[in-house]
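# got a predicted structure plus its sequence, pasted below:
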Amino acid sequence: MSWLRNALLAAGLALAAGQPAKAETLIAALSTHQIAITSNYTGDQLTVFGLVEREGRTAGRADPYDIVVTVRGPPRMLIVREKERVGPLWVNRQQRRFPERPVFLTVSTNRPISEILSEEAARRERVGLANAQRTPATNVFEFGIGPYRDALIRIMEDKGLYAENERGVTFLSPTLFSAPINVPATAPTGSYEIEIVLYAGGAALARQTTNFEVVKTGMEQSLASAAHERPLLYGLATAALALLFGWLATTIFRRD
Amino acid sequence: MQIYLPIAELPISILLVLGLSGAVGFISGLFGVGGGFLLTPLLIFLDIPPAVAVATVAAQVAGSSMTGVLTYWRRNALDLKLGSVLVGGGIVGTVLGVLFFNSMRRLGQLELVITLAYVTLFTCIGGLMLFDAVRAALRDRQGKPARLRRRAGMHPAWMGLPWRMRFYRSQLYASVIPIAGLAIVIGFIGAVLGVGGGFILVPALLYFFRVPPAVVVGTSLFQILITMTGATVLHAVTNQSVDIVLAILLLIGGVIGAQFGGRAARNLNVGSFRLLLALLILSVGLRFAIELFLPPTEPFSVVIPESAR
């Protein structure tokens, strides 16, 4: 009976991937599933390894394989404000809210996205920074949001939290690839989702998702949770420490 | 060498923070001010969230004023009675300030409030002090005597309000109302801006209440010590933005810097001292004014509300 179960499983997988049973499948592995923030943490790097597995002995395709790796950090509400002139002052006036947008987003490909698939397909399949930061649910057109969205992407790129890397995926062999992911120190704690999509000739052939998390550990963890769970005690301890330092200074530097 | 700050959630160079807080500590020892008004904007400039900068500097100011209070206490240059009245008002002001701080943060206008307050406070006070210092220097050059000391029975009207109290150490017999009012204002400003308020309290006590200079600094430091200790705890309880690791770094740098500043102060004459302090305060104000008045290169900014944590 096991052959039947395997066949069902394979069919299920193929359906889940939204593809008719095709020749390729993707296998992906991460160098680590947890990035630990310690006191000397200055950001980290992890690597996505992947293998394109061809079913049986199907002949090779005419088009080369393309890989798009999209990493999305924890979703948050992002607010974009615009400074405007009020009399002689420059003040934040207009703002647009972007609910449920990733605070961290990288798109890595093996060649420029425009060469992999058409603009229309990229928009539909949420490939590239501008398309990937959209939430799948919101297709509501909001008037005048364009400049704010562009500013959001530009500022997040400046902060190193958004990145598009068209040489970010390297093929080690025709079917084996790797993609390094840089996680800067300012990337927030939480769960990060990685989506790997295999393209050939502009069509998605296979898809795989995996994830990793960024967590505070050790002292950073205990201090942060103390600050949030026992704020009074934490505050009193900080104040006491400050006074102790002040007192120590007078005794150490006392001149008589 | 970098260290990760658990509350600010970013790594920072230990040497940079020690150097900065040491330099600010030197200035604070030199002029007898808390130095919070320099440290808070510097930390914000280093990408530390404004809320964390303000709350953490409060702890640093508490620590450095502790040093000062102990020193002045040993020299008996501290009016405890006047200090206590100031503290009473200061606590009320601090509570109001923290409440205001949190409501502005919710409204998303905290940054504007902090910038505007820095500009107005610093350009006004710095300008006044500069004017006064230049006038004093000119008078000095002309060989005229300095400002006369107050004579018996002569006092400004606000000292004659009801509930007069006698402060022996400060040679002061004045109504509690203006003193407490001043303290409330300073506690409020301190909690909102993460500054001790010494740079307002010292001249106010000197000019408005004619408290002898020998007692002013110690008494002002005493008031700052109590209000900033309170502000640290209040910030920790109400918005969890006190970063203890950053506070320790600031304390180490500040305390050491202040010792050297205090020694350097003895080799500085009063005239140039006042001129330098005035220029320093004025330049901080102008630095913020530039941000407010010049067209920004990037008019947009991205904010991530912290409530989702």
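Yep, it's here. Numbers count the residues shown, from 1 in each chain, chains lettered A, B, ... in the order given.
# quick one, phi/psi of residue 242?
As the question left the chain open, I've gone with chain A. Recorded main-chain torsions at residue A:242 are phi -60, psi -50, according to degrees, to the nearest 10.
# you answered for a different chain; I wanted chain B.
The phi/psi pair for residue B:242 (degrees, to the nearest 10) is phi -90, psi 120.
# tell me the contacts of residue 65?
All of this refers to chain A. A:52, A:171, A:174-175, A:198-200 (Cβ atoms under 8 Å, 6 or more residues apart in numbering or on different chains). Glycine gets a C-beta too; all of them are placed from N, C-alpha and C.
# I was after chain B.
Counting by Cβ under 8 Å, 6+ apart, residue B:65 has contacts A:246, B:34, B:196, B:198, B:221-222, B:224-225, B:228.
# one more time with 7 Å, if that's ok
Residues counted as contacts of residue B:65 (Cβ atoms under 7 Å, 6 or more residues apart in numbering or on different chains) are B:34, B:196, B:221, B:224-225, B:228.
# name the nearest of those residues relative to residue B:256.
Using Cβ to Cβ, residue B:34 is the member of those that lies nearest residue B:256, at 15.8 Å.
# can you tell me the SS state at the closest residue to that closest one other than its chain neighbours?
Nearest non-adjacent residue to residue B:34, counting by Cβ to Cβ, 6 or more residues apart in numbering or on different chains: residue B:196, 3.1 Å away. Residue B:196 falls in the coil class when you classify it by DSSP: H, G, I helix; E, B strand; the rest coil.
# contact partners for residue B:196?
B:34, B:36, B:61, B:65, B:190, B:224, B:228.
# now do it against chain A, distance only.
12 Å (Cβ to the nearest Cβ, to the nearest Å).
# and the contacts of residue B:196, which two are the farthest apart?
B:65 and B:190 (11.1 Å).
# low-confidence ranges, the stretch 201-309 of chain B, go.
Low-confidence segments of the stretch 201-309 of chain B, defined by pLDDT under 70: B:268-271, B:306-309.
# find the residue closest to residue B:60 in space, skipping its chain neighbours.
residue B:250 (4.0 Å).
# touching, the one you found and residue B:20? I think so.
No. Using Cβ atoms under 7 Å, residue B:250 is not in contact with residue B:20, being 8.4 Å away.
# out of these two, which sits in the busier spot?
Neighbours were counted for residue B:250 and for residue B:20 using other Cβ atoms under 10 Å in any protein chain shown; residue B:250 has more, 31 against 22.
# who's in contact with the more buried one?
Residue B:250 neighbours (Cβ under 7 Å, 6+ apart): B:17, B:21, B:39, B:56, B:60.
# could you dump those to JSON lines with secondary structure, pLDDT and neighbour count?
Shown next, in JSON lines, are these (DSSP: H, G, I helix; E, B strand; the rest coil; pLDDT from 0 to 100; neighbours: other Cβ atoms under 10 Å in any protein chain shown):
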{"residue": "B:17", "secondary structure": "helix", "pLDDT": "93", "neighbour count": "23"}
{"residue": "B:21", "secondary structure": "helix", "pLDDT": "91", "neighbour count": "30"}
{"residue": "B:39", "secondary structure": "helix", "pLDDT": "88", "neighbour count": "28"}
{"residue": "B:56", "secondary structure": "helix", "pLDDT": "92", "neighbour count": "32"}
{"residue": "B:60", "secondary structure": "helix", "pLDDT": "90", "neighbour count": "36"}
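# domain-wise, how is chain A divided?
Using automatic domain parsing, the domain parsing of chain A gives A:23-216, A:218-250.
# end to end, how far does the first one reach?
As for domain A:23-216, its first-to-last residue distance stands at 42 Å under the measure Cα to Cα, to the nearest Å.
# that domain: how far from the chain's middle?
6 Å (Cα atoms, centre = their mean, to the nearest Å).
# can you give me the pLDDT of the closest residue to residue B:71 other than its chain neighbours?
Spatial nearest neighbour of residue B:71, chain neighbours left out: residue A:250 (6.1 Å); criterion: Cβ to Cβ, 6+ apart. In this model, residue A:250 is scored at 81, pLDDT.
# cool, and residue A:233?
At residue A:233, pLDDT is 91.
# report the contact partners of it.
Counted by Cβ under 7 Å, 6+ apart, residue A:233 has zero contacts.
# could you measure it against residue B:233, distance?
Plainly put, residue A:233 is 10 Å away from residue B:233 if you go by Cβ to Cβ, to the nearest Å.
# likewise for residue B:141?
49 Å.
# okay, these two: which has more neighbours?
residue B:233 (26 against 9).
# so that one makes contact with residue A:237?
No. Applying Cβ under 7 Å, one finds residue B:233 not in contact with residue A:237, separated by 9.7 Å.
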